[in-house]
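A.B. asks: Generate a structure from the sequence data that follows.
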Amino acid sequence: MALLLVLAAVLVVGLAAYAVMRVSSRLAHTRARAVYDLVEAVDFVATELPHELAAKLSHEDVEAILLWHLDHLRRRGAATYGRADTTATAAEGREEAVVTSDDDSVDYVLARATESGRDIDALDVVVVLDLEGQYLRAIGAIGPPATEPS
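C.D. replies: Predicted coordinates for the structure are as follows:
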């Protein structure tokens with residue numbers, strides 16, 4: 001009877017070890033998912049702003065610029081707010097490549113800044129969006145450059 005209990009314990013431990021090794025191996029070969037954290041992005045950008053712009057732009061200004069940029073990217077189909085957008089896009093059958101230019105983004109953000117009455121100019125937007133690009137590269141969210149569709 002004791003031998004049967006020992007064999008059962010060895011079997012359970014062996015199965016557990018196999019399951020842990022299998023999951024560990026799968027995770028080791030799975031690419032980490034990049035998640036855009038707005039608070040982290042605002043802190044990153046605000047910390048890296050040149051002194052002149054740091055004196056001009058508040059954290060709220062930086063956050064507004066980043067939110068307007070995300071809104072622009074979402075409207076263009078280049079970004080999502082998560083599973084709901086991804087599910088809606090799949091249901092609509094959209095699979096085409098999405099390309100947007102920096103100029104389009106700057107124009108969109110400047111228009112929103114003007115509407116809001118904030119004292120934000122083109123240079124402010126360009127610098128903040130460039131720093132946002134550095135943040136996106138740092139978290140692994142930017143892939144290779146898009147190729148021209150044929």
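
A.B. asks: Buried residues in stretch 116-129, which are they?
C.D. replies: 118, 120, 124-129 (16 or more other CB atoms under 10 Å). C-beta here means a position set from N, CA and C on the backbone, and glycine is covered the same way.

A.B. asks: ah, wrong one, I meant stretch 62-75
C.D. replies: 62-66, 68-70, 72-73.

A.B. asks: Out of these, which sit inside helices?
C.D. replies: 62-66, 68-70, 72-73 (DSSP state H).

A.B. asks: List phi and psi for A55.
C.D. replies: phi -80, psi -30 (degrees, to the nearest 10).

A.B. asks: and after the lowest-mean-pLDDT helix or strand in the chain, which helix or strand comes next?
C.D. replies: Between all helices and strands in the chain, the lowest mean by mean pLDDT, DSSP states H and E belongs to helix 83-92, at a mean of 48. Going down the chain from helix 83-92, the next helix or strand is helix 102-116, by DSSP states H and E.

A.B. asks: In this structure, where is pLDDT below threshold?
C.D. replies: 9-13, 18-20, 23-33, 78-100, 143-150 (pLDDT under 70).

A.B. asks: again, only using 80
C.D. replies: Residue ranges of the chain with pLDDT under 80: 1-34, 76-101, 141-150.

A.B. asks: Reformat the ones in helices among the buried residues of stretch 62-75 as JSON lines; add distance to A138.
C.D. replies: Output for those, formatted as JSON lines (distance: CB to CB, whole Å):
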{"residue": "V62", "distance to A138": "16"}
{"residue": "E63", "distance to A138": "18"}
{"residue": "A64", "distance to A138": "22"}
{"residue": "I65", "distance to A138": "18"}
{"residue": "L66", "distance to A138": "15"}
{"residue": "W68", "distance to A138": "21"}
{"residue": "H69", "distance to A138": "17"}
{"residue": "L70", "distance to A138": "17"}
{"residue": "H72", "distance to A138": "21"}
{"residue": "L73", "distance to A138": "18"}
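
A.B. asks: now, among those residues, which is nearest to G133?
C.D. replies: H69 (10.2 Å; CB to CB).

A.B. asks: Please point out which parts of stretch 130-137 sit buried.
C.D. replies: 131-132, 135-136.
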